[in-house]
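# When you get a sec, could you give me coordinates for this:
(one chain, ligands or ions: 1)
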Amino acid sequence: MERDDFEGAGVQTKVTHAGKELNKTHAVSSPIWLTTTFRADSNAHFAEIATEPRPAEFYTRYGNPTHKEAEAALCALEGGEAALLTASGMGAVFAAVMSSVSAGDHVVAQRNLYAGTETLMKELPRFGVEVTYVDQARPGAFAEAVRPSTRLVYVETPTNPLMMLTDLAAVAELGRARGLTTVVDNTFATPVNQRPLELGIDVAVHSATKYLGGHHDITAGCLVGPKDFVGRAWRFSLVAGATMSPFDAWLLLRGLRTLGLRVERHNRNALALARFLESHPRVERVHYPGLESHPQHELARRQMRGFTGVLSFELRGSYEEAERVISSLKLATYAASLGGYETLVVHPAAMWGLQLSPEQKSEMGVSVGLLRVSVGLEDEQDLLADFARALEG
Ligand code: PLP
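All right, here's what the predicted structure looks like:
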């Protein structure tokens, strides 16, 4: 099936079939093209593949048939013209940002960003690019920060760990009106729950390490957007050397084939856990866009189809009490990352304990009792029982 054949198809149909036309073998499960380089038939053929943009069969840093298949599936999912795989989510963020700006340009970014992206933004002034940070939840904040030299608006929604949202349609409208490139990190939402390109955003980036891969076994990234933008990002990523191995691209493709099913279950389990925690006497507050109590619940209903599998909650109690709850959980594993089949939990005050001052943590809303949960695919009643027991212990 070609990209246009997917008009109107459901998300699980798309991920089941997209990219299969690129498999030129008779194998139903596509082979992994574990090769560094590809044989040329003649001098003329060699010259052609060496200079072609984004060749599938020249040299794997430039591209590879396994990459192409996964990229086609990502285009169908996000509804974009072209996609690029990168060796990690940060590889995709880096390629998207660095191929959008030059010295003298200005970026408007939301204040609340994934830590690696924030570090990249803080490096930009060294290359002559200024950045203004804005409160993503305040209407008008992005427009007020735009200058004549602004080229890029960079956002992320929902955010880590407080699950705050950015109004994507409003950012897209601003981008169109002022001729700016708009990029969103769509990692937490996934294209099952949120399709930024349909809302008018130019480019979606992902840490495919998370839901897209879905099995906690790869480090991967991707970006999806207009062909000319992806071509520029490819040229940048080619020299940055941020190439995904064909093996990881194959695992990503395997993960993508069940994305619709997995995300539906993540959504359902997370909503059930969020509701349970919200009614628990030992819990002060739950941060989840699917709850009516979330300050941006209306926006969540407008721009998301489901509310994703990540939530955070604040315990009534001390730092030590939060550590005790984490260590009492039997199904949830104490580990960084999110979006895989098994439930993971982190204690942000501990994770960022040595990097951030108490003032920085309180500015970010990271209280001592805050726990972030990436809700997995376990059976709902078992998950709720695990949290109930740990909270009571
Ligand atoms: N964007 C978000 C929202 C993330 O949570 C992460 C990693 O946790 C990244 C980007 C970076 O992804 P990676 O670790 O695959 O480089």
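
# Looking at the stretch 151-300 of the chain, which residue is nearest the ligand?
S207 (3.0 Å; Cβ to the nearest ligand atom). Every residue, glycine included, has its C-beta placed from N, CA and C.

# Now do the contacts for that residue.
88-90, 92, 114, 185, 187, 220-221 (Cβ atoms under 8 Å, 6 or more residues apart in numbering).

# what do you get if the cut-off is 10 Å, keeping everything else the same?
S207 makes contacts with 86, 88-93, 114, 116, 185-188, 213, 219-222, 337-339, as judged by Cβ atoms under 10 Å, 6 or more residues apart in numbering.

# again, but for A47
A47 sits next to A40 when contact means Cβ under 10 Å, 6+ apart.

# just to revisit the earlier point, can you pull the pLDDT of the residue of the stretch 151-300 of the chain closest to the ligand?
The score at S207 is 98. That number is its pLDDT.

# Now do the closest residue to R316 other than its chain neighbours against Q360, distance only.
Spatial nearest neighbour of R316, excluding adjacent residues (Cβ to Cβ, 6 or more residues apart in numbering): E284 at 5.0 Å. Counting by Cβ to Cβ, to the nearest Å, the separation of E284 from Q360 is 21 Å.

# same thing with A9?
To Q360, A9 is 45 Å away according to Cβ to Cβ.

# Neighbour count: those two, which is higher?
Of the pair A9 and Q360, A9 is the one with more neighbours under other Cβ atoms under 10 Å, namely 15 against 11.

# quick one, what contacts whichever residue of the chain sits closest to the ligand?
The minimum distance from the chain to the ligand, using Cβ to the nearest ligand atom, falls at G89 (2.3 Å). G89 makes contacts with 114, 116-117, 185, 187, 205-210, 212, 219-223, as judged by Cβ under 10 Å, 6+ apart.

# For it, give me the pLDDT.
Model confidence at G89, expressed as pLDDT, equals 98.

# again with R3
At R3, the model reports a pLDDT of 55.

# Tell me the residues of the chain that contact the ligand?
Within the chain, the positions near the ligand by Cβ under 6 Å from any ligand atom are 88-90, 93, 114, 116, 156, 160, 185, 187-188, 207, 209, 219, 221.

# Just the buried ones among these, please.
88-90, 93, 114, 156, 160, 185, 187-188, 207, 209, 219, 221 (16 or more other Cβ atoms under 10 Å).

# Identify each buried residue in the lowest-mean-pLDDT helix or strand in the chain, please.
Every helix and strand in the chain was compared by mean pLDDT, DSSP states H and E; the lowest is helix 358-363, with a mean of 78. Counting neighbours by 16+ other Cβ under 10 Å, one finds that the buried residues in helix 358-363 are K361.

# Would you mind putting the CA coordinates of it into PDB?
Extracted as PDB, the C-alpha positions of helix 358-363 are listed here (Å, rounded to 0.1, in the frame of the first residue of the first chain):
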ATOM      1  CA  PRO A 358      15.800  22.800  45.400                       C
ATOM      2  CA  GLU A 359      14.800  26.100  43.900                       C
ATOM      3  CA  GLN A 360      15.000  24.700  40.300                       C
ATOM      4  CA  LYS A 361      13.000  21.600  41.300                       C
ATOM      5  CA  SER A 362      10.300  23.700  42.900                       C
ATOM      6  CA  GLU A 363      10.200  26.000  39.800                       C
END
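
# what are the pairing partners of the helix or strand following it, and which direction each?
Helices and strands here follow DSSP states H and E; after helix 358-363, the next one along the chain is strand 370-374. Neighbouring strands of strand 370-374 in its sheet, by DSSP bridges, are strand 310-315 (antiparallel), strand 344-346 (antiparallel).

# okay if I get these as JSON lines plus distance to W352 and mean pLDDT?
Formatted as JSON lines, the strands paired with strand 370-374 follow (distance: least, Cβ to Cβ, whole Å; pLDDT from 0 to 100):
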{"stretch": "strand 310-315", "distance to W352": "13", "mean pLDDT": "98"}
{"stretch": "strand 344-346", "distance to W352": "10", "mean pLDDT": "98"}
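
# deepest of those, which one?
The highest mean neighbour count among the strands paired with strand 370-374 belongs to strand 310-315 (a mean of 24), with neighbours defined as mean count of other Cβ atoms under 10 Å.

# Spit out the contact partners of the most centrally placed residue in the chain.
Within the chain, one residue has its C-alpha closest to the average C-alpha position: by Cα atoms, centre = their mean, that is T187, at 1.5 Å. By Cβ under 10 Å, 6+ apart, the contact list for T187 reads 89, 92-93, 114, 156-158, 160, 204-212, 221, 308, 310, 338-339.

# any idea what it is structurally, helix, strand or coil?
With DSSP: H, G, I helix; E, B strand; the rest coil as the basis, the three-state label of T187 is coil.

# That one - nearest residue in space that isn't next to it in sequence?
Per Cβ to Cβ, 6+ apart, closest to T187 is S207, 4.6 Å.

# Distance of that neighbour relative to V373?
As judged by Cβ to Cβ, S207 and V373 stand 18 Å apart.

# E69 too?
Separation of E69 from V373 (Cβ to Cβ) stands at 33 Å.

# out of the two, which sits in the more crowded spot?
Set side by side, E69 and V373 show unequal neighbour counts under other Cβ under 10 Å, the larger going to V373 at 27 against 24.

# what is the residue nearest to T187 paired to in the beta sheet?
With beta bridges defined as DSSP bridges, S207 has these partners: G221.

# Next, count neighbours for A18.
For A18, the tally of surrounding residues (other Cβ under 10 Å) stands at 27.

# How about E378?
For E378, which is what you asked about, the neighbour count (other Cβ under 10 Å) is 17.

# now S357
9.

# What backbone torsions are found at it?
Recorded main-chain torsions at S357 are phi -80, psi 160, according to degrees, to the nearest 10.
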